[in-house]
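> give me the fold of what follows.
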Amino acid sequence: MINPAELVDALVEKLRAIPELVAEMEGDPERIYAYHDLYPKRVSLPAATYEMPVPSILVAWQGTTPVSFGAGEAWRHNLLLYLRARETLEGDPPTAYYRLFDLIVNGVPAGGALKMLYATVHPRCHPMDLPSIQRASDEQGTDYFKVTMSFTDIEQIRPGGSALLDRMAVGCVVEDFTITIGSGPGRASSRIAVNFAGSGKLLEPSGITLPAPTLEHFLPSASAQVTINGVDYVTNRNLVSLELGFKNNLRLDSGFYPGSGTQDGAAIRGRLEFGDREASLKFTARFEHGSTELTKLRNQTTGTAVISLQGELISGSDYHSIEVTFHKVAFRTAVVGDTDGIVTVEVECQPLWDATNGLLTAVARTTQDNIGYLCSIHRKKSTCSFASPMARVLSRSASRPMRNGSSASGAARSSSSSSGVGSQRPPSPTPKRSMRPCSARSASTKARRSMPTRPAGSSSN
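Numbering: from 1, shown residues only. Next comes the predicted model:
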């Protein structure tokens, strides 16, 4: 469990980095400050709130409660922000407290790209839960407002005790991944699901010491840029949801062959090979007068599809981000329906092979190095380079993984050639992942690569 005082100080620092919020404090960031218990000089929070200057924001820790998730456990830290708004002159609009709450939730700290609601305040805590605001009164009957805010520690399994599980799944590869972006203010509106398949071989104990958790950077759906078949769905403000994916169609049964190996009397796979790989893209948009989806379906019009998400600033003009380009798509189906009583059209796209650029390109920008491979698949060979999280998923679905190796300034490159079906033997175990917020991981350097792939069902010879 983290020291809550660190969380309080980190929140104060984040709030002071919001220029508009500091302006509401008459330009003085020191008016956003922390309350820490200090016996015997500082032992009364009600007295501290009574003595608050106008305007000001006081941040105080209210307590910590345990949260259980099956065998896991976590700590939830509850903070209170006490608000006193600036003086409002006669004739001014009555927006002082409304604006303070809006900036606390939706303000963007300098140097970042995410609203406070989605920002990482402390590296060992998830972003804040949805906050609430309510009216209160001091001893003299003067009203002020309190904002309740919660932050949850990273979950642990039997912290400080002997290991509950210590095993390594050897030879795991990616079967498929799906990125989903939807409507709504929460983190669930931007998700990635990754499914893995393994050889069946386990090592217990693993012999591995797990590193410290890697900081994740959220890529919110509100940052999406989407252009499909000549239509900018973000500029038109009519996109409801979108889903893109890639599937290896692994040849699971062929991994068991004479001599593939056994463990504890049961057969294990000696290889994992990809089959006819598939890319997918579908979306739902509001259907308006002049919408062209049905016309493009009838005419089988083709064009490109570009989908991107952006997170926090890395440096200069580089942000944590992902961009996926389908170089040629046509509409396979377009079904008119409704979403929340509004007429919509649900479109399933057919990704097609482009003679120049291939099937698709994925570009991920992040500061974490040594986390994946880049593969360009052509009809007679495949080349691989180390890249970023999305390229990692695509590459493991496309070619033989190469050994890790990278310099401090960027991603090292290597290449391999293959023909026929590509066999996959990943260098390290990877657990199966479920739905999680879509994010780019962060540590020290930047990786940016692209990957054209061959069309589903085509031969690699």
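
> so what's Gly259 closest to, chain neighbours aside?
Closest residue to Gly259 apart from its sequence neighbours, by Cβ to Cβ, 6 or more residues apart in numbering: Gly270 at 7.1 Å. Every residue, glycine included, has its C-beta placed from N, CA and C.

> same question for Gly230.
Gly303 (5.0 Å).

> who does the one you found form a beta bridge with?
Beta-bridge partners recorded for Gly303 (DSSP bridges): Val329.

> in the stretch 101-250 of the chain, which spans are strands?
Remark: strands assigned in the stretch 101-250 of the chain by DSSP state E, counting those that start in this stretch are 132-137, 143-152, 168-170, 173-181, 190-197, 201-203, 215-218, 225-228, 231-232, 239-247.

> after the strand or helix carrying Glu346, next one along is what?
For Glu346, the host element (DSSP states H and E) is strand 342-351. Note on strand 342-351: by DSSP H and E, the next helix or strand toward the C-terminus is strand 360-365.

> mean pLDDT lowest for which of the strands of the stretch 101-250 of the chain?
Looking over the strands of the stretch 101-250 of the chain, mean pLDDT reaches its minimum on strand 215-218, with a mean of 81.

> tell me the buried residues in that strand?
Glu216, His217, Phe218 (16 or more other Cβ atoms under 10 Å).

> from the contact counts, what lies against it?
Contacts defined by 3 or more Cβ pairs under 8 Å, 6 or more residues apart in numbering; DSSP states H and E place strand 215-218 against strand 303-315, strand 439-442.

> report pLDDT for the closest residue to Ile314 other than its chain neighbours.
Once flanking residues are discounted, Ile314 sits nearest to Thr367: 5.7 Å by Cβ to Cβ, 6+ apart. We note a pLDDT of 84 for Thr367 in this prediction.

> give the buried residues for stretch 290-304.
Of the residues in stretch 290-304, Ser291, Glu293, Lys296, Leu297, Thr302, Gly303, Thr304 count as buried by neighbour count, 16+ other Cβ under 10 Å.

> over to stretch 229-243?
Buried positions in stretch 229-243, judged by neighbour count with 16+ other Cβ under 10 Å: Asn229, Val231, Tyr233, Asn238, Leu239, Val240, Ser241, Leu242, Glu243.

> same question, stretch 122-138
Within stretch 122-138, the residues scored as buried using 16+ other Cβ under 10 Å are His122, Arg124, Cys125, His126, Pro127, Met128, Pro131, Ile133, Asp138.

> for stretch 25-36, same thing?
Using 16+ other Cβ under 10 Å as the test for burial, stretch 25-36 gives Met25, Pro29, Arg31, Ile32, Tyr33, Ala34, Tyr35.

> still on that earlier bit, could I get the buried residues of stretch 122-138 as CSV with distance to Cys349?
Listed next are the buried residues of stretch 122-138 as CSV, based on distance: Cβ to Cβ, whole Å:
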residue, distance to Cys349
His122, 40
Arg124, 40
Cys125, 39
His126, 34
Pro127, 32
Met128, 36
Pro131, 38
Ile133, 43
Asp138, 59
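
> for the nearest residue to Lys115 once chain neighbours are set aside, which residues are in contact?
Nearest non-adjacent residue to Lys115, counting by Cβ to Cβ, 6+ apart: Asn106, 4.8 Å away. Contacts here follow Cβ atoms under 8 Å, 6 or more residues apart in numbering; on that basis Asn106 touches Lys115, Met116, Leu117.

> Asn106 and Phe274: what is the separation?
Using Cβ to Cβ, to the nearest Å, we find Asn106 at a distance of 44 Å from Phe274.

> between the buried residues of strand 215-218, which sits nearest Leu89?
Nearest to Leu89 among these: Phe218, at 39.2 Å, using Cβ to Cβ.

> sorry, back to before: between the helices and strands packed on strand 215-218, which one is closest to Thr262.
Closest among those, using Cβ to Cβ: strand 439-442, at 36.4 Å.

> which one is the residue lying farthest from the centre of the chain nearest to, not counting chain neighbours?
Within the chain, the residue lying farthest from the chain centre (Cα atoms, centre = their mean) is Gln140, at 46.7 Å. Counting by Cβ to Cβ, 6+ apart, Gln140 lies nearest to Tyr50, which is 7.9 Å off, once chain neighbours are set aside.

> check Thr301 too.
Leaving aside its sequence neighbours, Thr301 sits nearest to Asn229 (Cβ to Cβ, 6+ apart; 6.3 Å).

> where does the one you found land on pLDDT?
Here, the pLDDT recorded for Asn229 equals 93.

> isn't it up against Val306?
No. With contact defined as Cβ atoms under 8 Å, Asn229 and Val306 do not form a contacting pair (10.5 Å).

> what's the end-to-end length of stretch 240-255?
The first and last residues of stretch 240-255 sit 41 Å apart, counting by Cα to Cα, to the nearest Å.

> and Ala136, how far from Asp102?
Ala136 is 19 Å from Asp102, by Cβ to Cβ.

> what sits closest to Pro94 if chain neighbours are left out?
Thr88 (6.7 Å).

> and the helices in the chain?
With DSSP state H as the criterion, the chain has helices at 4-16, 19-24, 45-50, 96-106, 293-299, 389-396.

> and the two most separated of the buried residues of stretch 122-138?
Arg124 and Asp138 (34.3 Å).

> gap between the residue nearest to Ile314 and Glu312?
10 Å.

> pull up the overlap in contacts between these two.
Common neighbours of Thr367 and Glu312 (Cβ under 8 Å, 6+ apart) are His320.

> re the thing from before, what's the most buried one of the helices of the chain?
helix 389-396 (a mean of 26; mean count of other Cβ atoms under 10 Å).

> what's the mean pLDDT across it?
For helix 389-396, the mean pLDDT works out to 35.

> quick one, grab the pLDDT at Lys164.
One thing to correct before we go on: residue 164 is Leu, not Lys. In this model, Leu164 carries a pLDDT of 69.

> again, but for the one 3 residues further on
Reported pLDDT at Arg167 in the predicted model: 80.

> isn't it right next to Ile208, touching?
No. Look at Arg167 against Ile208 with Cβ under 8 Å: they stay out of range, at 9.8 Å.
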